[in-house]
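J.: Show me how the following folds:
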Amino acid sequence: MKQALVDDTEDVSLDFGSEEELALRKGRIRHPLATFFHLFFRVSAIITYLFCDWFSNSFVACFVTILLLLSFDFWSVKNVTGRLLVGLRWWNQIDEDGKSHWVFEAKRVPAIAASTEAEARIFWLGLIICPVIWTVFFFSTLFSLKLKWLALVIAGISLQTANLYGYIHCKLGGQKSSSRGPSRFFVTADAPKRQPRSTAQDRAEERAKTGTR
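T.: Sure, this is the predicted structure:
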């Protein structure tokens, strides 16, 4: 954000600095390690799936290796890279009644700590392209009748599509709440239904205590 100043010299220097900072923000990688591992596990799983026959004749070894890479990718993207690269996070929590709730969070941070455009582009491209590749693997496996790989391909589609689905919900929720002002946006599946029921329970307890109908 530019500030209007009386001194023209200071104004020019601030404009130049802001443009330079904007250019750096667009192309700079602030979290190189997170960016690397965001792509490493999922790309390694795809490469291993394509060329595992060159390295090993054991189907079990290839199956376990690819499944471990997919699991590491799911955990790292869900818990680490999404939060660092784009400020998004999603998870599932169990309430006191034992019911499951999905929570989607979009966190807005100051510009100096925000993720760069390059990081966001890498994050979303990796998140979208890899599930498409596994979908192609699914049809190629099905049509070539290599049914022993079908369970692994379905696992790859499921794990990576789950992250894509969760982060799309976070992104859409963050955009809807951008005009409201709070720094975080939460969506829980059954939250709107719980409040009226708890209010009715409170009224019933009050009536039981007073002995009125």
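J.: Count the neighbours of Thr48 for me.
T.: As a burial measure, Thr48 scores 17 neighbours (other C-beta atoms under 10 Å). Placement of C-beta: from N, CA and C, glycine included.
J.: Contact partners for it?
T.: Cys62, Thr65, Ile66, Leu69 (C-beta atoms under 8 Å, 6 or more residues apart in numbering).
J.: Where do the strands of this protein begin and end?
T.: For the chain, the strands defined by DSSP state E cover 88-94, 100-106.
J.: So which elements touch the last one?
T.: Using 3 or more C-beta pairs under 8 Å, 6 or more residues apart in numbering; DSSP states H and E as the contact criterion, the elements in contact with strand 100-106 are strand 88-94, helix 150-176.
J.: average pLDDT across it?
T.: Per-residue confidence for strand 100-106 averages out to 85 on the pLDDT scale.
J.: Next up, the contacts around the closest residue to Glu105 other than its chain neighbours.
T.: Beyond its immediate neighbours in the sequence, the residue positioned closest to Glu105 (C-beta to C-beta, 6 or more residues apart in numbering) is Arg89, lying 4.6 Å away. Contacts of Arg89 were listed using C-beta under 8 Å, 6+ apart, and they are Asn79, Gly82, Arg83, Phe104, Glu105, Lys107, Cys170.
J.: any idea how far the third one lies from Ser58?
T.: Shown here: Arg83 relative to Ser58, a distance of 37 Å by C-beta to C-beta, to the nearest Å.
J.: higher neighbour count, these two?
T.: When neighbours are counted by other C-beta under 10 Å, Arg83 and Ser58 differ, and Arg83 comes out ahead with 16 against 11.
J.: Grab the nearest non-local neighbour of the more buried one.
T.: Of all residues beyond its chain neighbours, the one nearest Arg83 is Arg89 (4.9 Å), with distances taken as C-beta to C-beta, 6+ apart.
J.: so which of the contacts of Arg89 comes closest to Thr135?
T.: Proximity of those to Thr135, judged by C-beta to C-beta, is greatest for Gly82, which lies at 21.2 Å.
J.: what number of residues lie near the closest residue to the closest one other than its chain neighbours?
T.: Once flanking residues are discounted, Gly82 sits nearest to Leu88: 4.9 Å by C-beta to C-beta, 6+ apart. Neighbouring residues of Leu88 were enumerated by other C-beta under 10 Å; the total is 25.
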